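S.K.: no letters, just coordinates:
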């Protein structure tokens, strides 16, 4: 089955047959074999003699690859026979007594023969292949070791050895439970113990109790996976031929099971890597070259961010420039791999789906899909390779960038379900984004927490987003959300294989009936049709990683300014897959994901870079990656893609008449109606219709669209049209991308108006906008268009407010908000408004309120997840008011006025959340004027009395604000404003002796007692004619009485919900009375209070002028007044308002006056 490689001495060789001494690999044809010099222990050959490897060019056939051997048969019963020392009886609990000899007797003779030839062929290949040949050839050209080399292996390449000393681990001490024959035997003979060792703790993502596995170190950690199966061995041999050894080269092995943050937490991996590079640079006075493979490319990219960040290595932005000369990225899965989704979703991939029936049976009996999925999920490091870039990279249900003409199923549909099957399956196929969401919704909470807390799979569309992501470690793994290091002299070499079929999409179905499993679905291995093989749709790649992942960033993404601001040079060499038929590892021209490490010209490229000759390597792109990359929906900030909306071009204006635009209003509306009703059979015609609509609206707003309602009418026509109804996602995508790209004010106005209308009708639009990074774009537009277009500025503020109150902002979004932007908003409020309909700048105020809420939610999330790597976020709204509060007091006046007028519950909650923070932050205790605080107290008293019993959430929030308002602000200083009215309010809310309120629930009572414990309320005041009633229900613990910001932050209400008012009509009171089981005739009928009027605006000249309140009248004076005697009234300030309060311990109604004196009226019973 395997053939040896023969070396022949050739005297006269033509240039077409071999590479000459002075020719670099990039200059030679890719199919030409390189020389094979004599090993160093033989006599040197004479000049003119050369060595050639003869390749037998025969038709290739489908082979069971190494990946199948490792991930499939590795766990099967057949392989177990080869792993055992002898063929004696092995005890399999699943099969009972069964010997390997008897198993061989019943297996097909051809299968046994092939297995033995595979092992013998690999041994023969190792004996015949001269691993030092490439190094010797390069050395013969005068090259030698120059840069120190650091090698970072890929996933599963590094061996894991046990260091545990518990009873269950002692038998494996210092033995490899991954990457050795010990692993095989442990898996066969003690599967549960092996699983317990290899899986990480599901809560912490670290070592389970009494288990300690660590990555093997040194070159032995990665040179061979198991004996005979080389990985990095060929590269190490050739580096040694060039002069490298353990003093100037280093293997940075790591535990690939750990998430990247936990690599540093548990093993200090990145700290050790940083120190080793610094030491190599210090000793050898040369910059280091990093060589990574597969997942190792992601590790290097993460390290570049970690080492420079203040949250990591604190090396500064110039650390990479000082210490790293080049990065060799071999088969780097920079955007993940789609097979990772199926691995953690159902424990499957192409390697298992295409096994024969016997192998599937043995594999399922020994290690089921559910067990494999559990193992993969318990290794968070593997989930770092989940696909990144979403639908923008991987496509939607209609198309994908790497689709090829004539294919039946688009790659953009990642998970497909056959509708003809009578199974319970999802109602639609899933794109990458939808598949990821399904994965997180159906897997365990611990897995979702580990992955979402460590990684991010989105796209940053602006430079501001990319820079903000430098402070969010979750983004450091994703090259579409973070940038290359600021190292202009850094050189990147991307070497990867192409031309080998790679899994790109799948067909799924429910599990077989009768099988007990927790999996919701499994690959439909019975479906084979066209390019669908056993339920797997194959695309382009290196057999493991898709071409879009290995090639997009190298060929396209890192050409964009925001992802490569320093202009780092990237060289790309694609290597076609040209395997030898009978070579189990493919031979010297293989491009398989793992076997490429033994490819001859790859080894030569690595040696040339190490020797300082990387500049001689030229780009060589043979695939269609540039065409695919151009179709991906990721664009430069200053460029419009052809698929996005544009303003109507001059050539198209002729369609509207000679002038290029409607001549009157009727013609304008006729054209609008005609445009949105035009048939659009494909995306090209749909784009034309959208462009014409955008042109009409943007250019007609000054002539025919004088108000915002007129523009909204245009948006409504588009939204109700057949264009939108039949293509909702496409239209939304185009308009959202236009918002991200457009700079002209007219089109921006039409775009923002449509998104605001669409989002209010379908909140999913706002969520989509947050996911696409629109928040940062809105920040930029609001700051830039304020002085250019007031209408658009107001609209953008409203759009930001609506979007931000519907969907939680990402940490990177909040990090883009700086002190300058918040100060800008406060200054707008201080200025005079030029809008007669908005004299108080309410849109600006609402944006500040919703930003404060987002900050509160972010802070509580960080407190709930202390291990989260996200950067702590400063509440800049409170910060600016703390530092410059006296300069921005108009904002304080206006939010009190807004609270007084607000009927929407959500707006009241936003205001109360900010008030709570201001009254619990020492720097803002006295932000408000004293008179404004008194008005605020009046509003709170009125609203608490007016709330019906079912509005507990809003009542609780008012009470949480009332406590610090009375305790921390100027209201705590004498003379105390409306002390009796507050006490009466608390009596009423307790429900003591009052028929108007149902008994309060425990939280209300607890919050009432918190307010009642305010020192100046609980202390006796002898000059007052009344003493406060205290009905304490018992002492509260410190934890109970302490205010909790998270409780306030989590209070929400849907937009548009109005706050109901308590109805005090007799029928309502009668029903309330009967619910409490009382007897109506025995209870006096209360007086019906008149509706409260809105509070007047506080005059400017009264701000800051303290009230002079005279001493309260004595009891004798009150009696003289009741008897009609003359009394001298105290001098009072102008009254704000009169309020009626029902005193809990009085038979009459109390009339509250501005000075706090209560005059008791006789009740009807008296």
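M.R.: Received, thanks. Source: prediction; values computed, not measured.
S.K.: low-scoring stretches of the stretch 101-250 of the chain, by residue?
M.R.: 101-131, 227 (pLDDT under 70).
S.K.: which residue ranges of it form helices?
M.R.: 109-128, 133-140, 181-189, 191-198, 233-242 (DSSP state H, counting those that start in this stretch).
S.K.: verify the assumption that residue 320 is located in a helix.
M.R.: Yes - when classified by DSSP: H, G, I helix; E, B strand; the rest coil, residue 320 is found to be part of a helix.
S.K.: check contacts around it.
M.R.: 304, 307, 308, 485, 486, 487, 490 (CB atoms under 8 Å, 6 or more residues apart in numbering). Heads up, the C-betas are built off the backbone N, CA and C, glycines and all.
S.K.: try residue 253
M.R.: 153, 158, 159, 215, 216, 217, 218, 221, 222.
S.K.: can you read off the pLDDT for it?
M.R.: pLDDT, residue 253: 93.
S.K.: a strand runs through it, doesn't it?
M.R.: No - looking at residue 253 with three-state DSSP, it is coil, so not inside a strand.
S.K.: any idea how far it is from residue 385?
M.R.: According to CB to CB, to the nearest Å, residue 253 and residue 385 sit 18 Å apart.
S.K.: same check, this time on residue 1013
M.R.: Counting by CB to CB, the gap from residue 1013 to residue 385 is 56 Å.
S.K.: of these two, who's got more company?
M.R.: It is residue 385, of residue 1013 and residue 385, that has more neighbours when counted by other CB atoms under 10 Å, with 28 against 15.
S.K.: hang on, the more buried one packs against residue 156?
M.R.: No - with contact defined as CB atoms under 8 Å, residue 385 does not count as touching residue 156 (11.4 Å).
S.K.: low-confidence stretches in this structure?
M.R.: 1-131, 227, 351-366, 419-426, 513-517, 638-661, 833-838, 862-871, 992-998, 1019-1166.
S.K.: in stretch 751-761, which residues are buried?
M.R.: 751, 752, 753, 754, 755, 756, 757, 758, 759 (16 or more other CB atoms under 10 Å).
S.K.: again with stretch 910-922
M.R.: Those would be 910, 911, 912, 913, 914, 915, 916, 917, 918, 919, 920, 921, for stretch 910-922 by 16+ other CB under 10 Å.
S.K.: which ones among those map onto helices?
M.R.: Judged by DSSP state H, the buried residues of stretch 910-922 include 910, 911, 912, 913, 914, 915, 916, 917, 918, 919, 920 as members of helices.
S.K.: possible to save those as CSV with distance to residue 841?
M.R.: Output for those, formatted as CSV (distance: CB to CB, whole Å):
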residue, distance to residue 841
910, 15
911, 15
912, 20
913, 19
914, 15
915, 18
916, 22
917, 21
918, 19
919, 23
920, 26
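S.K.: any idea which of those is closest to residue 314?
M.R.: residue 917 (31.7 Å; CB to CB).
S.K.: quick one: residue 981 and residue 944 touch, right?
M.R.: No - Residue 981 is beyond contact range of residue 944, at 11.1 Å (criterion: CB under 8 Å).
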